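>>> I'll drop the sequence and a predicted model, then ask my questions.
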Amino acid sequence: MGEEFNDPIFEELLSNAVQIEDLQDIQDYLNFQYSAQLRDIAIAQAEEGGQQKRARGAKGLWDKIRAGSAYHLTYTEDPDKRPDDLADTLIQEPEFRTSEDVLKAAKSMFIEELCNSPRFRRFMRKTYFERLVFDVRRTEKGVKVIDEEHPYYEFKYLRNWEARNFLLDRPELFLKMLKAESEGLVEVIVRIQGEKQFRADLHKAILSDNFSEVADAWNQLRKEIMDKSLARLHVFIARGVKDTIKNECENMLAANCRKAYTDRLDQAPYRPTGMMLGTVPRVLALSNGAGNRGDAICWAYMEENGRVQENGKFTDLRLGNQEKFIPEGKDVAAFVELVERRKPDVLAVSGWSVETRKLYKELQDVIEAKKLMGAPYEDPEDDSERQDPLDVFIVNDECARLYHTSKRAESDHPGLPPLTRYAIALARYMQHPIREYAALGRDISSISFDPHQHLIPMDKLLKYLETSMVDMVNLVGVDINDAAHDSYTANLLPYVCGLGPRKAAQMLKVISQNGGEVINRADLAGDVERQIKPAASPVVWVNCASFIMITFADVEQEGPEADYLDNTRIHPEDYDLARKIAADALELDEEDVKAEVDEFGPSAVVRRLVKEDQQDKVNDLVLEQYAEQLEKQMSQRKRATLETIRAELISPYEELRHNFQDLGTEQIFTMLTGETGKSLVEGMVVPVSVRRTFPTYLDVRLDCGVEGGIGENEYPEEVVRRQLQPREVWSMGQTIQAKITFLDRRKLTAQLTLRENEMRNPYTRTYDHGLDEWDAELEARDKKEARKVIDASSGRAQRVIKHPLFRPFNSAQAVEFLGPQSRGDCVIRPSSKGPDHLAVTWKVHEGVFQHIDVLELDKENEFSVGRVLRVGGKWSYTDLDELIVLHVKAMAKKVEEMMGDERYQSGSRQQTEQWLTTYTEANPKRSMYAFCLNAKYPGYFYLCFKAGQNAPLANWPVKVIPNAFELRGNKYPDMRALKNGFKLLFSNQGPGGQHNGVPRR
């Protein structure tokens, strides 16, 4: 092509291209239209580059068609011959031997030209985006897997859903739809509204108005070509539409996460009463962790400099009651002494259970009773000294949870227990929230900023979060000398504009080589005379200088090299402006300024302004005049810069972040319970554990830790009718189903009911669908078909049990359903053994599922659940909840215990035996044993052992049972007992009955 290339279509489209799709269309057009020329150019360039000369390839199909005589025949009106008759006259050996070949080539070429036309593509793409709607079509797999409790059910029968609904309100919904499609559960169909009319309009544009047999034949051919072109383009454009909307939805979700992250970063340290915003507080942090009975309350006291001065444990901080002869907690006096001695500005409290709220209340009670006060401060109204009661804060612990068990925590505080490290992280958070988030690095993605952030690609999420950190770090600045000596401050440096991880690390390295102290910003660029190496290149220095501060402690103490302006947001290129403003504020003439500069350096005037405490005089200057002169004389627009200079001279690097944030009721509720406003709501039927029974009241607790109550008016009708006492019906520790009638998220309490009429109408999630946006007819048909299939497969009426874990599954469906879920999750399902049996399938490990046969005894009728549920002829339970908790969950807990043991090997039996062989070869005189999973028999493990290098490999089966392990008929309550029992059995009888050496622990 070269200089002779001239294509008006290409020139027009290239000048009008505004999106990446436009450029892709142009490239596809060139590759199709000029394929032969491009191939020749590629060969010529390869030859010029010294590559081996290749033979020119044969002509492609489209080149052959273009070379044929038929390609150049064009008609604005219908020809006088039918298409097949005209094709007979255009037969050309050897490519087009028959009229069918000619017609086929002509149709293919026309379709290809339409599909590769950038103009037609742009028109089609514009039409799609203007009239786009989505339908969701459930697959055969999706019909079975997506039930009403499934998170994908909200779009299982969605139709006619406009793209703007995703882009304006529900970006996560489209991403969930695509995720379900990738899992093979649904198909997301892209189509345009009024498709039939749109197709008819396109037909009109290409069809002839003539009436004859010949015209009808040509029109039929044109319609066929247009329909095939539209089908081809639909696949191409639909894929592009999905990708475009997916990208936009991801960006919207990521932007939501970024905003939530910015809200967390945009908070200054906790401000003690009477202090300036930005003052770092002294913090005493306490936590009772999970708050289980017997758990200690760990605490740590942190000074303003971030150093932990003291830590320890309390066990009882409850106030006594003299009237009721209740003694005071044994640690109350020690706590009061600690507070009065250390004088913290604030108490920080947090944990991961609702017991944290009780600790918070206990501390408030002690502060009130013992009159513990915060630091004294001066009342601005009457200049008197005041003290307020000591503040107690429930602190956001998302950083502390990630920190306290990390390797970083072990390195920082090797001798402290994890809960004390947790308290230390809470204290640091109150002092510098931004530093705690920066220290997380890529682990920041572990924090939940949006319930749907898992739908965003990790790299994109991290990129958005990083921009938030960059904005906030450059707002508050980084003290370079602090960064050189403190790793937590150094974590902020890579986010400074112009730097990054590599340049920040290099800067700190050079500062260390220069003596570890930076006197002024100019030193970062290097000073040959003073033998200071450059810590940043000139370009990098210009980019980052104003965001790196050097604290200016005191005019009297700082040497002449120190510059007050280095402690401000003013860029070095504007220092002369700042000095000019300072001189004018002090009303100094040029001679006075020169004298000051000669004696104290370039910023001497600024020093004098600060020394004389005359910064407020800057407010008297008319900055508009400065701005006008700069624009007139130097063509520089500096109005905003001048305002920044004025603000920084008055208050250098003023704290611009918001006050430290109090956690709201919803945030505290979610932090302490793990539940959200959607996962736990009034009307839900939930399992609760009975704690205590009273004649008129049941004291219960939800799984999330929320304490609940069931009054006598909410007892089941049968209990009321028979006048049964609660202790006759329920026992302590029993798990029952109850419906939430009232949930107090602030107090973390709930009221529940057991009345049957309420239990029969549990909470059902509703979805907001517009008119004709939900295929209710297909939904009803699917439900009817599902019931038919189940009834046909069982040969009898299918049981339906009102329990949240019940599913009308067979064993294969249960396994498929539990596949992506967690260990210990289970489903209750019908049993093939008859109406007096149920089956429970639970997940033991990835790919390993155990099916438990449950025999029902004492049944009222064929469809009711037996009053006694027996498993394996040994264990009996009174209801399904008790069976799940005391049998399935108990075994899952034992599996967790086994897999967490130091002797557990994650590989197969063969891999474990190979490990034992390798170990005994390296230690010939020692024996060794290990456990591994028996995937063939769910619920069993292998205990593999080898009593020395020359001993044979052997294994014994270990069975998991509720609350114990079973080995050779003996039951052991935990792993320690199991291992000791194995050693005893081995010593007494050996692997085959004879005595052998005991395997090494």
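Looks like it arrived, so ask away.

>>> Could you list the low-confidence segments of the stretch 51-200 of the chain?
Applying pLDDT under 70 to the stretch 51-200 of the chain picks out residues 51-79, 84-85, 87-97, 99.

>>> Can you list the residue ranges for helices in it?
Taking DSSP state H, counting those that start in this stretch to define them, one finds helices in the stretch 51-200 of the chain at 61-67, 83-88, 99-115, 118-131, 140-145, 163-168, 171-182, 195-206.

>>> winner for burial among those?
Highest mean neighbour count among those (mean count of other CB atoms under 10 Å): helix 171-182, with a mean of 20. Quick note: C-beta positions are derived from backbone N, CA and C, even for glycine.

>>> same for that helix, what does it pack against?
In terms of contacts (3 or more CB pairs under 8 Å, 6 or more residues apart in numbering; DSSP states H and E), helix 171-182 is packed against strand 132-138, helix 163-168, strand 186-192, helix 213-265.

>>> let's go with 7 Å and repeat that
Using 3 or more CB pairs under 7 Å, 6 or more residues apart in numbering; DSSP states H and E as the contact test, the elements touching helix 171-182 are strand 186-192, helix 213-265.

>>> now the angle from that helix to strand 186-192?
Calculated by axes from the mean of the first three to the mean of the last three CA atoms, to 10 degrees, helix 171-182 forms an angle of 120 degrees with strand 186-192.

>>> angle of helix 171-182 against strand 132-138?
For helix 171-182 against strand 132-138, the angle by the same axes, to 10 degrees is 50 degrees.

>>> Output helix 171-182 in CSV with nothing but the alpha carbons.
Included here for helix 171-182 are C-alpha records, laid out as CSV according to Å, rounded to 0.1, in the frame of the first residue of the first chain:
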residue,chain,number,x,y,z
PRO,A,171,-24.1,-3.2,39.0
GLU,A,172,-23.6,-6.3,41.2
LEU,A,173,-26.6,-8.0,39.7
PHE,A,174,-25.1,-8.1,36.2
LEU,A,175,-21.8,-9.4,37.6
LYS,A,176,-23.6,-12.1,39.5
MET,A,177,-25.5,-13.1,36.3
LEU,A,178,-22.2,-13.4,34.4
LYS,A,179,-20.7,-15.5,37.3
ALA,A,180,-23.8,-17.8,37.2
GLU,A,181,-23.3,-18.1,33.5
SER,A,182,-19.7,-19.1,33.9
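
>>> picking that back up, including distance to Glu779, could the helices of the stretch 51-200 of the chain go into JSON lines?
Formatted as JSON lines, the helices of the stretch 51-200 of the chain follow (distance: least, CB to CB, whole Å):
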{"stretch": "helix 61-67", "distance to Glu779": "48"}
{"stretch": "helix 83-88", "distance to Glu779": "48"}
{"stretch": "helix 99-115", "distance to Glu779": "37"}
{"stretch": "helix 118-131", "distance to Glu779": "26"}
{"stretch": "helix 140-145", "distance to Glu779": "11"}
{"stretch": "helix 163-168", "distance to Glu779": "20"}
{"stretch": "helix 171-182", "distance to Glu779": "16"}
{"stretch": "helix 195-206", "distance to Glu779": "24"}
